[in-house]
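Enquirer: Please work out how this folds:
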Amino acid sequence: ELAAPGGTLAVIEATREIRSLLTSMEFKEGLEGFTDLRRDRDQTFLSRRQWEEAFATAGADLLCAYPDEDDALALAGQTAFILRFPADRAALDPAALIGHARARLPDYMLPTRIEILPALPLTANGKLDRRALTHRLEQRPAPAAAGEPPRDELERRIAALWASALGGERIGRDEDFFVAGGDSLLVAQVVGRMRDTLPEATGWEWDRLLREILRAPTVAAIATRLRRGDTVPAAAAVAPAASPLSLLRPAGAENRTLRVVLHDGSGTLAPYRAVLPHLGADGAALFGLTVTDEESYLALPPERLIETLAGSYAGLLRGQGARRIDLVGYCMGGLLALEVGRALLEAGAEIGPVTVISSDRFRYRVEEELLLERAFGGLLGADLPAAGHTVDDRVLAAALAHLRLRHGDRLPAGCLGGLDGAFAEVAACYARLAGKPQTERLASLARSAGRRDGTIGAEPVLGLYRVFRHSLAAVAACQPAPFAGRLRLLHDDETLHFLPGLASDMRGFWSGLALGELRIEPIGGNHLTCLRPPHAEAVAAALLGLERAA
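Expert: Take a look at the predicted model:
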């Protein structure tokens, strides 16, 4: 336990009984707490062979032992062992870990302290001892205050609130909240306290104030923003952004469970429209989360989008006073549901199993706009041939497999134009489409979707497409951490994902994330059809049945 990973341990010990030595040696009490191999063997010292067995059991590499057993010096009964110990661990550099995390996480999620343990503490029945971990966190030193003190009354009130949340006496006006010890859970709590206690923040939407702190996490910057918070563009004053959380169906009597469906990559609940009418049978309140501020959504960097939205959404849900929250997410909504569930668990909320439907981390980088438009049209339920995408799925799958041999998992802009020979049909189809303005191509997709189900017009389609494209980049950049809560995967037949031939591995992806229970249940249809008739009612029944079984 004391050796550094990969370190060298030297042990010099008597390995045979030497009576002349024992005449001058006395053993004291105080070596309790371990099983003594000598207890019933009338031994004083472990033999060389017993030491070697003990080293092997402990996972050490025995590099050498001197003297050799047939050496004349072995008669002295002393052996020097040189070990590399422990062999099953690697040396960790906290600075290198921070650098690794910084390349993959938004700044507000970076740990401010890394503590390396030989093993996680376990309870008597072998489960993770969360109480012991919590105790270690509670013993951490309070973050030291740094920098210039607050300059005015508003800054002093903000600083006092932040310092209280961080467990310190004060915080400098230019000190970064997250560098000072803050994390995604604390920032959510701080936003709520600011809105409750600061008159300057009471008129702010929870998620809007959260975004401001994430963008500029210092007392000085937030005080400045709050002072001019009433100076907003006239258009915003006339039509403020609606809350992303909307009530779709109220709860039945005495039912305090919230069922929440999270938007997919289009930012809407359109994929669920055939399922939603069947989700109220158990009396749970039904809520939806959608993108209502398109520009703010597009302004979030793709690599931070899912984590940032999840923090905002979790705060909105906690404000509903539910006894339990059940999260359901299709496609990108599954990744959102995972991160919202993580934030709620960290905040101490009770959640049911997080249910993900045909959801996966899409590993391909698609930069060809015509392919993105086809995928977008599929999610809308568009009649693809009617919108000019006349190549069938089988032929396009073969063409994309050919392009991946050339380009790997990144399909660059213009790649369809380079097809020829057996794929001349594909190149010709997309050359025709490329000759039209994108607005016209998207309008065709919208019209064909409207003819099919009567729910979408051409007006919002460009905005929806921009959101979809941004979402797909966010999904490709997403690197979720393992999840300790319960997970459910409703798994389609995987015959078609976003695009033909670009296969997914939903089972492998979610199995790799699940630290707790993972339940997998097959559903009918493929990624684009599993929530539509005739499969929609069966999916709703599966959701309700699973939730009752929980």
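Enquirer: Now the element after the helix or strand bottoming out on mean pLDDT in the chain, going C-ward?
Expert: Lowest mean confidence among the helices and strands of the chain (mean pLDDT, DSSP states H and E): helix 234-238, at a mean of 36. Downstream of helix 234-238, the first helix or strand assigned by DSSP states H and E is strand 245-249.
Enquirer: Paired strands for that following strand, with orientation please.
Expert: strand 285-289 (antiparallel) (DSSP bridges).
Enquirer: Output the partner strand in CSV with nothing but the alpha carbons.
Expert: Taking Å, rounded to 0.1, in the frame of the first residue of the first chain, the C-alpha atoms of strand 285-289 are listed here in CSV:
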residue,chain,number,x,y,z
ALA,A,285,-47.3,14.2,-15.2
LEU,A,286,-45.9,14.4,-18.8
PHE,A,287,-43.4,17.1,-19.6
GLY,A,288,-41.3,17.8,-22.7
LEU,A,289,-38.0,19.5,-23.1
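Enquirer: who touches whichever helix or strand comes after that strand?
Expert: As assigned by DSSP H and E, the chain's next helix or strand after strand 285-289 is helix 294-299. Helix 294-299 is contacted from outside by 211, 241, 267, 291, 305, 309, 463, 466-467, 470, using Cβ atoms under 8 Å, 6 or more residues apart in numbering. In short, each C-beta sits where N, CA and C put it, glycine included.
Enquirer: pretty sure Gln276 is touching Val261, no?
Expert: Slight slip there: residue 276 is Leu, not Gln. Yes - with contacts counted by Cβ atoms under 8 Å, Leu276 reaches Val261, the gap being 7.3 Å.
Enquirer: which residues in this protein form strands?
Expert: Listed in chain order, the strands of the chain (DSSP state E) span 7-14, 61-66, 78-85, 245-249, 257-262, 285-289, 324-330, 354-357, 365-366, 410-411, 487-491, 518-522.
Enquirer: For the nearest residue to Ala473 once chain neighbours are set aside, grab the count of nearby residues.
Expert: Among residues not flanking Ala473 along the chain, Pro302 sits closest, at 4.0 Å (Cβ to Cβ, 6 or more residues apart in numbering). Look at Pro302: counted by other Cβ atoms under 10 Å, it has 17 neighbours.
Enquirer: and Pro302, what does it touch?
Expert: Each residue near Pro302 by Cβ under 8 Å, 6+ apart is listed here: 470, 473-474, 476-477.
Enquirer: want to try JSON lines for those residues, with neighbour count as columns?
Expert: Formatted as JSON lines, these follow (neighbours: other Cβ atoms under 10 Å):
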{"residue": "His470", "neighbour count": "20"}
{"residue": "Ala473", "neighbour count": "19"}
{"residue": "Ala474", "neighbour count": "25"}
{"residue": "Ala476", "neighbour count": "17"}
{"residue": "Ala477", "neighbour count": "16"}
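Enquirer: need those in CSV with distance to Trp206 and pLDDT, can you?
Expert: Shown next, in CSV, are these (distance: Cβ to Cβ, whole Å; pLDDT from 0 to 100):
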residue, distance to Trp206, pLDDT
His470, 23, 94
Ala473, 26, 91
Ala474, 22, 93
Ala476, 29, 88
Ala477, 26, 89
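Enquirer: Tabulate those residues (a markdown table), appending distance to Ala484.
Expert: As requested, the contacts of Pro302 are exported to a markdown table (distance: Cβ to Cβ, whole Å):
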| residue | distance to Ala484 |
| --- | --- |
| His470 | 29 |
| Ala473 | 28 |
| Ala474 | 23 |
| Ala476 | 25 |
| Ala477 | 23 |
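Enquirer: so which of these comes closest to Cys64?
Expert: Taking Cβ to Cβ as the measure, Cys64 lies nearest Ala477 of these, at 49.0 Å.
Enquirer: re earlier: for Tyr272, which of the strands of the chain is the nearest?
Expert: strand 257-262 (5.4 Å).
Enquirer: The closest one pairs with which strands, parallel or anti?
Expert: As assigned by DSSP bridges, strand 257-262 forms pairs with strand 285-289 (parallel), strand 324-330 (parallel).
Enquirer: for those, which one sits closest to Val391?
Expert: strand 324-330 (26.0 Å).
Enquirer: residues in contact with the residue nearest the centre of the chain?
Expert: Residue closest to the mean C-alpha point of the chain, counted by Cα atoms, centre = their mean, is Pro480 at 3.1 Å. By Cβ under 8 Å, 6+ apart, the contact set of Pro480 is 335, 338-339, 361, 513.
Enquirer: just checking, which of the residues you listed belong to helices?
Expert: Using DSSP state H, 335, 338-339, 513 are the members of the contacts of Pro480 that sit in helices.
Enquirer: which of those are buried?
Expert: 335, 338-339, 513 (16 or more other Cβ atoms under 10 Å).
Enquirer: got these as CSV, with distance to Phe55 and pLDDT columns?
Expert: Below are those laid out as CSV (distance: Cβ to Cβ, whole Å; pLDDT from 0 to 100):
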residue, distance to Phe55, pLDDT
Leu335, 46, 96
Leu338, 43, 96
Glu339, 44, 95
Leu513, 37, 93
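Enquirer: Return the member of those residues nearest to Leu499.
Expert: Using Cβ to Cβ, these come closest to Leu499 at Leu335, 18.4 Å.
Enquirer: Report the separation between the closest one and Leu210.
Expert: 19 Å (Cβ to Cβ, to the nearest Å).
Enquirer: same deal with Asp493?
Expert: Distance from Asp493 to Leu210, by Cβ to Cβ: 39 Å.
Enquirer: Of the two, which one has the most company?
Expert: A direct count of neighbours by other Cβ under 10 Å for Asp493 and Leu210 places Leu210 higher, at 23 against 14.
Enquirer: The more buried one reaches Gly311, doesn't it?
Expert: Yes - look at Leu210 against Gly311 with Cβ under 8 Å: they come within range, at 6.5 Å.
Enquirer: joint contacts of the two?
Expert: Joint contacts of Leu210 and Gly311 (Cβ under 8 Å, 6+ apart) are 187-188.
Enquirer: Just the pLDDT at Glu29, thanks.
Expert: What the model reports as pLDDT for Glu29 is 59.
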